[in-house]
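# Could you work out the structure for the sequence below:
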Amino acid sequence: MSSVLRPAISGQDPLMANKYRPISSHLAITPPVSVVIPAMNEAENLPYVFKTLPGWIHEVVLVDGNSTDNTVEVARELWPDVKVVEQRGKGKGDALITGFEACTGDIIVMVDADGSADGNEIVSYVSALVSGADFAKGSRFANGGGTSDMTPIRKLGNHVLCAAVNAKFGARYTDLCYGYNAFWRHCLDKIDLDCTGFEVETLMNIRVVKAGLKVQEIPSHEYLRIHGTSNLRAVRDGFRVLKVILKERSNRRALRRRPHAAQLDSGQGEVS
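The predicted structure is shown next:
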């Protein structure tokens, strides 16, 4: 990857300065960063979300899930250059896929619209990517992370499902069902997202491992939703996550049963 983290230089030539986006007084980056925010009736929460977004990001893509309040108007008032995309279908997965397609940045960051994510953490995600990671995965349970918005049943479910993914796919995750992540846009070609609901984060986490991408966990704190109620349903969506895990495991076994076909397709002597 040619884009790297570089020190900001005082007195730099203006033409060179335009090439870099300052993150802090000590660091600047070259790759443009897109932030995708799926939102449906989140007008009251958007002021808290946008307030923490760093000014150096390249673009904000708001995916509107057919809101009946003034979500879009509030977003445009808070961030005049926001790119608003209308969601085609339903569900968080569908919204994120729609947003990813609209991004023009080299790095994509996923941020929820309920005020639970701190935009000031984006610098940690981007730093991990420009330092060599393909996928920067937020974790509420890594050292330094935390959550104010998980019931005991959700914590237990997340722990069990995370352990299952680690055992079945050789991952080493400390968190599974968390929506604050960042990645290089080219990763989308390798993970081929095809789900519509809250299980999208699990699908991404599994497929980046299956694709052999380099993953770095980023400690993150999840705050309480500020206004409104979540569409997440622990039991219903937990079963959807489990279904994804079983399906991806089944697909992996099927691939292993066809080594000769895979060899002919790839032209290589080994199947990873």
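
# Where do the strands of the stretch 51-200 of the chain begin and end?
Along the stretch 51-200 of the chain, the stretches classed as strands by DSSP state E, counting those that start in this stretch are 59-64, 83-86, 107-110, 135-139, 146-147, 181-184.

# Give me the helices and strands touching the shortest one, please.
For strand 146-147, the elements it packs on are strand 221-222, judged by 3 or more Cβ pairs under 8 Å, 6 or more residues apart in numbering; DSSP states H and E. Backbone N, C-alpha and C define where each C-beta goes, glycine included.

# And the average pLDDT for the strand it packs on is what?
For strand 221-222, mean pLDDT is 96.

# That one pairs with which strands, and in what direction?
strand 146-147 (parallel) (DSSP bridges).

# What segments of this protein are helices?
Ranges of helices in the chain, per DSSP state H, are 14-17, 46-51, 71-78, 92-102, 122-130, 152-169, 188-191, 200-210, 234-256, 259-266.

# Which other helices and strands does the second one contact?
If contacts are counted by 3+ Cβ pairs under 8 Å, 6+ apart, helix 46-51 sits against helix 71-78.

# still on that earlier bit, any chance of the strands of the stretch 51-200 of the chain in a markdown table, with distance to residue 212 too?
As requested, these are exported to a markdown table (distance: least, Cβ to Cβ, whole Å):
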| stretch | distance to residue 212 |
| --- | --- |
| strand 59-64 | 28 |
| strand 83-86 | 31 |
| strand 107-110 | 19 |
| strand 135-139 | 11 |
| strand 146-147 | 29 |
| strand 181-184 | 14 |
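
# centroid residue for this protein?
Against the mean C-alpha coordinate of the chain, by Cα atoms, centre = their mean, the closest residue is residue 181 at 3.0 Å.

# Next one: that residue from residue 208, what distance?
Applying Cβ to Cβ, to the nearest Å, the value for residue 181 to residue 208 is 9 Å.

# what residues do the two have in common as contacts?
Taking Cβ atoms under 8 Å, 6 or more residues apart in numbering as the criterion, residue 181 and residue 208 both touch residue 135.
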